[in-house]
Every structure is written in structure tokens, then in C-alpha cells.
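**Student:** Give me coordinates for this.
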Amino acid sequence: GECEKKRSDFVAKSLKSSEEVQNEDVFLCENVQTGMRSGGFDRGRYIPGKQIAGYHFHQRLWKDMIRGLNTKYGDDEKAICG
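**Tutor:** Below you'll find the model as predicted:
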């Protein structure tokens, strides 16, 4: 029915977004590896001033995952099927 269509559309959009992020990650990782070989900075999880968006994304993802763990499946169903 209508809910199944919304769910299917949600999954398709999520997969498309995931693929875009993966492609961006490949580009970033290749450039980070080049930079790491240069010896121009100390190693860490993020490059200050360069990977602010990645840091922000991971902070939001962590908060969403924690919230998701505290949410019953029925609430998620409402969020998708309205």
C-alpha cells in the first residue's frame, strides 16, 4: 500500500545518499593519504580546519544513533509513514 511505497522510496533515497557519501569518502581518503605521507601535520582522527564537516556529521550521526536506540520501532514507523 501507500506506506510500503513510502518505505521503498525512503530506502531508495537512503541508498542513493549513501553512495554519494561513499564516493566523497574515496576522494577525501585518497587526499588524506597523500597529505599523511607529506609529514606536514601530526596524525589524528580529523584534520583541523579541513574536516570540520566530517567531524560535525559524525557528531550528529552519534546523537541520532543514541536517540534511535531509545526509540521504539513504532515511532520510527510513524516517522517514515507519517
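**Student:** neighbours of Arg7, just the number please.
**Tutor:** Arg7: 13 surrounding residues under other CB atoms under 10 Å. Just so you know, the C-beta spots here come from the backbone N, C-alpha and C atoms, and that holds for glycine as well.
**Student:** Kindly state the pLDDT recorded for it?
**Tutor:** At Arg7 the predicted local confidence, pLDDT, stands at 86.
**Student:** element containing it?
**Tutor:** helix 2-38 (DSSP states H and E).
**Student:** Check which element follows that helix along the chain.
**Tutor:** Following helix 2-38 in sequence, per DSSP H and E, is helix 52-69.
**Student:** could you say what helices and strands that following helix packs with?
**Tutor:** Using 3 or more CB pairs under 8 Å, 6 or more residues apart in numbering; DSSP states H and E as the contact criterion, no helix or strand is in contact with helix 52-69.
**Student:** average pLDDT for it?
**Tutor:** Mean per-residue pLDDT for helix 52-69: 84.
**Student:** Can I get it in PDB, CA atoms only?
**Tutor:** Taking C-alpha atoms only, helix 52-69 is exported to PDB below (Å, rounded to 0.1, in the frame of the first residue of the first chain):
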ATOM      1  CA  ILE A  52      35.100  20.100  10.100                       C
ATOM      2  CA  ALA A  53      32.100  18.900   8.100                       C
ATOM      3  CA  GLY A  54      33.100  15.200   8.700                       C
ATOM      4  CA  TYR A  55      33.500  15.800  12.400                       C
ATOM      5  CA  HIS A  56      30.100  17.600  12.600                       C
ATOM      6  CA  PHE A  57      28.500  14.700  10.600                       C
ATOM      7  CA  HIS A  58      29.900  12.100  12.900                       C
ATOM      8  CA  GLN A  59      28.700  14.000  16.000                       C
ATOM      9  CA  ARG A  60      25.200  14.200  14.500                       C
ATOM     10  CA  LEU A  61      25.200  10.600  13.500                       C
ATOM     11  CA  TRP A  62      26.200   9.600  17.000                       C
ATOM     12  CA  LYS A  63      23.400  11.600  18.600                       C
ATOM     13  CA  ASP A  64      20.900  10.200  16.100                       C
ATOM     14  CA  MET A  65      22.100   6.600  16.800                       C
ATOM     15  CA  ILE A  66      21.700   7.100  20.500                       C
ATOM     16  CA  ARG A  67      18.300   8.600  20.000                       C
ATOM     17  CA  GLY A  68      17.400   5.700  17.800                       C
ATOM     18  CA  LEU A  69      18.400   3.200  20.400                       C
END
